[in-house]
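Novice: build me a model:
(one chain, ligands or ions: 1)
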Amino acid sequence: MNAFKLVKKDKVTVVRYRIVPIAGEKHLDSEALKEKSEFYLFDELKPRLQSGPIGFKLLAQVAEEGDVTDDATEIWPEARRIVELGEIQIEKMMDDAESAKQQKSIIFDPIPRIDGLQPSDDPLLEVRASIYLISGKQRRSAEEPAKAEDAVITDAAVATT
Ligand code: HEM
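Specialist: Down below sits the predicted model:
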């Protein structure tokens, strides 16, 4: 994953974020997946939220002197210090109208444009920022689907993109 710099005066700490589900991680093998619908993760959201928020720990893995911080493909040793920054909680789902509006307008930008937080020297970050801008602009200018079902991307649609 891309690294980021936490900057306080002259002190720079390079970190990689981790977002870890508090409920733990569970992997399904291909047999178990056959039993599931295509949208099972999304379909599970509503019932899960009825029994309380879904939480994730926001962690930062801290680089040490000599670690490669400008190449997302270089994995840092697992022994690196992990600091807990906070928690992300999903409390409710947006209604469909608001969600459609957000999906249309959101631009994913991996470059933090705030004081105290800077991109690392990883060139992938600038590339991602440019690609996500193009992608976001295309979504903004795309025609509205007539029905919600039409918005589901089919394999055929993907093949033409
Ligand atoms: C460290 C590497 C990368 C990470 C962690 C990453 C992560 C993400 C995330 C979190 C999203 C938003 C997904 C969502 O919520 O729907 C996203 C979207 C996307 N990513 Fe990446 N990505 C990486 C590299 C790349 C690369 C190398 C490319 C292409 C060359 C790419 C192309 C895209 C595109 C086209 C989107 C959709 C943007 C949009 O809908 O506006 N990503 N990525």
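
Novice: for the biggest helix by length in the chain, packing partners?
Specialist: The longest helix of the chain (DSSP state H) is helix 123-141. Judged by 3 or more CB pairs under 8 Å, 6 or more residues apart in numbering; DSSP states H and E, helix 123-141 is in contact with helix 96-105. For glycine as for every other residue, the C-beta is placed from the backbone atoms N, C-alpha and C.

Novice: are the helix it packs on and the ligand in contact anywhere?
Specialist: No. With CB under 6 Å from any ligand atom as the criterion, the ligand is not reached by helix 96-105; the gap is at least 8.6 Å.

Novice: and for stretch 16-26?
Specialist: No. Under the criterion of CB under 6 Å from any ligand atom, stretch 16-26 makes no contact with the ligand; the nearest approach is 9.2 Å.

Novice: outside of that stretch, which residues touch it?
Specialist: 1-4, 54-61, 63, 76, 82, 87-88 (CB atoms under 8 Å, 6 or more residues apart in numbering).

Novice: quick one: end-to-end distance for stretch 19-28.
Specialist: Counting by CA to CA, to the nearest Å, you get 20 Å between the two ends of stretch 19-28.

Novice: any idea of the mean pLDDT in it?
Specialist: Mean pLDDT, computed over stretch 19-28, is 95.

Novice: same check on stretch 127-134?
Specialist: Average pLDDT, stretch 127-134: 97.

Novice: so how far is it off the chain centroid?
Specialist: On the basis of CA atoms, centre = their mean, to the nearest Å, stretch 127-134 sits 15 Å off its chain's mean C-alpha point.

Novice: and it, is it in reach of the ligand?
Specialist: Yes. Interface with the ligand: stretch 127-134 contributes 128, 131, 132 (CB under 6 Å from any ligand atom).

Novice: what residues does the protein put near the ligand?
Specialist: Neighbours of the ligand within the chain, by CB under 6 Å from any ligand atom: 1, 2, 72, 108, 124, 128, 131, 132, 135, 136, 139.
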